[in-house]
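Engineer: Model the structure of this input:
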Amino acid sequence: MRLRVKATPNAKKSEVLGWEEDPTAGRVLRVRIAAPPVEGKANAALEKFLAQWLGVSRSQVRLEKGGTSRVKCFEVPDEVAEKLERAG
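Structural biologist: Numbering: from 1, shown residues only. The predicted model follows:
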């Protein structure tokens, strides 16, 4: 399953804020991440944070598109769909 995430780096703490309608990307999961957007640190931290939040291994969460964008597309296991629906 594909998951669109709107990431905000340099936050005080990493947290999921919930679903949001983005004018260009559609429905996205809004996430704040504590890592800085330097040399891929925020992307790596976001991948790790999403895996922990979804309760899957880090290897099951893979960044597909948007490495340099605020809106990113991740490939996640289909069985996490229920948890994602509860986030909204």
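Engineer: quick one, longest helix in the protein?
Structural biologist: helix 41-54 (DSSP state H).
Engineer: What are the contacting residues of that one?
Structural biologist: For helix 41-54, contacts defined as C-beta atoms under 8 Å, 6 or more residues apart in numbering pick out 3, 5, 7, 9, 14, 16, 31, 33-36, 57-58, 60-63, 67, 72, 74, 76-77, 80, 83-84. In short, each C-beta sits where N, CA and C put it, glycine included.
Engineer: Residue ranges in this structure under the pLDDT threshold?
Structural biologist: Counting by pLDDT under 70, the chain shows low-confidence ranges at 87-88.
Engineer: repeat that with 90
Structural biologist: Low-confidence segments of the chain (pLDDT under 90): 1, 22, 24-25, 40, 77-88.
Engineer: Which element, helix or strand, includes the residue nearest in space to the middle of it?
Structural biologist: With distances taken as C-alpha atoms, centre = their mean, Val5 lies nearest the centre of the chain, 4.3 Å away. Taking DSSP states H and E as the criterion, the element that holds Val5 is strand 2-8.
Engineer: Helix or strand next in line after that strand, which one?
Structural biologist: Scanning forward in sequence from strand 2-8, with DSSP H and E defining helices and strands, the next element found is strand 15-22.
Engineer: just checking, what packs against that next one?
Structural biologist: strand 2-8, strand 26-32 (3 or more C-beta pairs under 8 Å, 6 or more residues apart in numbering; DSSP states H and E).
Engineer: Make JSON lines from the ones you listed and add distance to Leu46 to it.
Structural biologist: JSON lines is the format used below for the helices and strands packed on strand 15-22 (distance: least, C-beta to C-beta, whole Å):
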{"stretch": "strand 2-8", "distance to Leu46": "6"}
{"stretch": "strand 26-32", "distance to Leu46": "7"}
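Engineer: re earlier: just want the angle from the longest helix of the chain to strand 26-32.
Structural biologist: 100 degrees (axes from the mean of the first three to the mean of the last three C-alpha atoms, to 10 degrees).
Engineer: what comes into contact with the helix or strand following helix 41-54?
Structural biologist: Using DSSP H and E, the helix or strand that follows helix 41-54 in sequence is strand 62-65. Residues outside strand 62-65 that contact it (C-beta under 8 Å, 6+ apart): Arg2, Asn43, Leu46, Glu47, Lys72, Cys73, Phe74, Glu75.
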